[in-house]
Every structure is written in structure tokens, then in C-alpha cells.
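Trainee: The amino acid sequence is not available; the structure is as follows:
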């Protein structure tokens with residue numbers, strides 16, 4: 001029985017580490033999902049303030065725990081990754097990695113069960129500059145109760161293309177993306193939607209219409 005348990009755990013790990021090829025959309029002026037999973041929330045950012053989270057009857061000012069995230073206005077989108085989805089993340093837009101910051105002193109709470117945990121957990125923040133956005137688009141890899149290691153495949157100064165492999169989080173966890181406001185920005189997904197890294201369009205910008 002013990003051997004079967006170890007075999008089951010090994011098979012589960014291999015399942016989460018699969019890395020299928022992805023075909024990015026052949027379109028301009030789009031932002032794609034950085035991770036497989038379901039849209040957990042879409043929050044509006046105003047005046048440089050990321051929205052509050054309610055936790056045990058108190059409001060958590062997100063800026064207190066995420067000072068490394070900087071954007072004047074835009075959207076914060078959370079993608080919940082179950083242990084069944086592909087756990088390799090993809091670059092959401094063409095650009096250049098301007099900064100990478102690993103917040104190593106965070107916690108390992110369960111973002112799916114504990115509200116506000118995504119703002120307190122260990123995380124890696126990758127900032128990608130694009131000429132259409134005044135602020136960088138930021139991808140936030142978030143650890144969870146089952147995750148003790150976040151992997152990034154990118155380096156500061158690196159030029160990246162939409163759909164490139166970005167990194168890896170083992171087992172179930174969460175990936176957030178911050179999309180700053182720009183001309184014609186339109187969010188294309190809703191809470192609860194299922195998305196695929198490198199393929200699902202989550203936003204469009206600079207549209208003629």
C-alpha cells in the first residue's frame with residue numbers, strides 16, 4: 001500500500017509537470033493568459049491602489065504587502081490553478097523583462113480557501129515592458145500550502161514573445177496578472193472562465209473601434 005501511495009504521488013507530480021506545446025493567437029494588440037486555470041477575480045485598480053481583500057472581518061490594504069507591484073490604473077486578474085492543469089506559465093505579451101522580484105519572506109497559505117492569502121504568500125513578480133503601456137504588465141507567481149518552490153525561466157533585460165515559456169509552479173497554486181490601462185483596453189474574460197496559458201485572450205487594446 002505504501003508503494004502504491006508513492007506511485008500515485010509520483011504520477012500526480014508528473015501529470016502537473018506536463019508541458020504541451022501551445023499555439024498563440026495570430027493577432028496583434030492582445031494579452032493572453034499567463035497560466036492555465038479559472039479566473040478567480042477581476043479587480044479594478046485606481047489611483048495606484050490595488051483593491052482591498054476582506055479577511056476575518058478586517059480589510060487588508062494590498063499596497064502594504066505588495067509594494068513591489070506598481071501600477072497607476074488598470075486591472076488585477078487572478079487565475080486559480082488546480083492540481084489537474086498544466087503548471088508551466090507563458091508570457092502574456094511581447095516585450096522586455098524590466099524587473100524580476102522574488103518575495104521570499106511570504107507565507108504558504110491556501111489562496112483558494114483563505115481570502116487574501118495571495119497577497120501574503122511567497123511570490124515571484126515579473127515585470128514586462130511593452131511600448132503601448134506606460135506601466136509594465138506584471139505576472140505574479142504565487143506559492144500555496146502545497147508549493148515550496150517557484151521557478152522562473154526569464155532574466156531581467158530579456159526580450160520575450162507572447163507565448164514563450166515563463167516559469168513553473170508545482171501542484172495547485174495561483175498566478176495573477178496586472179494589466180495597466182492603455183488606449184482601447186478591453187477585458188475579454190469574466191470571473192469563472194476557464195483559460196489556457198499562451199492561448200486564451202484575456203484582453204485587447206488599441207482597437208480602432
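Mentor: Alright, I've got the coordinates. All values reported here derive from a predicted model rather than from experimental measurement.

Trainee: low pLDDT regions in the chain?
Mentor: For the chain, the stretches flagged by pLDDT under 70 are 1-17, 51-69, 105-121, 144-148, 171-172, 207-209.

Trainee: Could I get the full set of helices for it?
Mentor: 2-16, 62-65 (DSSP state H).

Trainee: Show me what counts as buried in stretch 77-95.
Mentor: For stretch 77-95, the neighbour count (16 or more other C-beta atoms under 10 Å) marks 77-81, 85-95 as buried. Any C-beta I mention is one placed from the backbone N, CA and C, and that applies to glycine too.

Trainee: With stretch 42-52 instead?
Mentor: 42-43, 45, 50.

Trainee: Surely residue 135 touches residue 48?
Mentor: No - in this structure, residue 135 is not within contact of residue 48 by C-beta atoms under 8 Å, at 9.5 Å.

Trainee: which neighbours do the two share?
Mentor: Shared contacts of residue 135 and residue 48 (C-beta atoms under 8 Å, 6 or more residues apart in numbering): 70-72.

Trainee: Going by neighbour count, which of those comes out on top?
Mentor: residue 71 (22 neighbours; other C-beta atoms under 10 Å).

Trainee: follow-up on the earlier one: let's have the buried residues of stretch 42-52 in CSV, adding distance to residue 123.
Mentor: Conversion of these to CSV gives the following (distance: C-beta to C-beta, whole Å):
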residue, distance to residue 123
42, 19
43, 16
45, 17
50, 13
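
Trainee: Quick check: the two most widely separated of those residues?
Mentor: Spatially, the most separated pair among these is 42 and 50, at 12.7 Å (C-beta to C-beta).

Trainee: Give me the common contacts of these two.
Mentor: With C-beta under 8 Å, 6+ apart as the test, residue 42 and residue 50 both reach residue 76.

Trainee: how about the nearest residue to residue 165, chain neighbours excluded?
Mentor: residue 153 (5.3 Å; C-beta to C-beta, 6 or more residues apart in numbering).

Trainee: Do I have it right that that neighbour meets residue 160?
Mentor: No - contact between residue 153 and residue 160 fails when scored by C-beta under 8 Å: they sit 9.7 Å apart.

Trainee: Can you check which residues contact both of the two?
Mentor: Common contact partners of residue 153 and residue 160 (C-beta under 8 Å, 6+ apart): residue 166.
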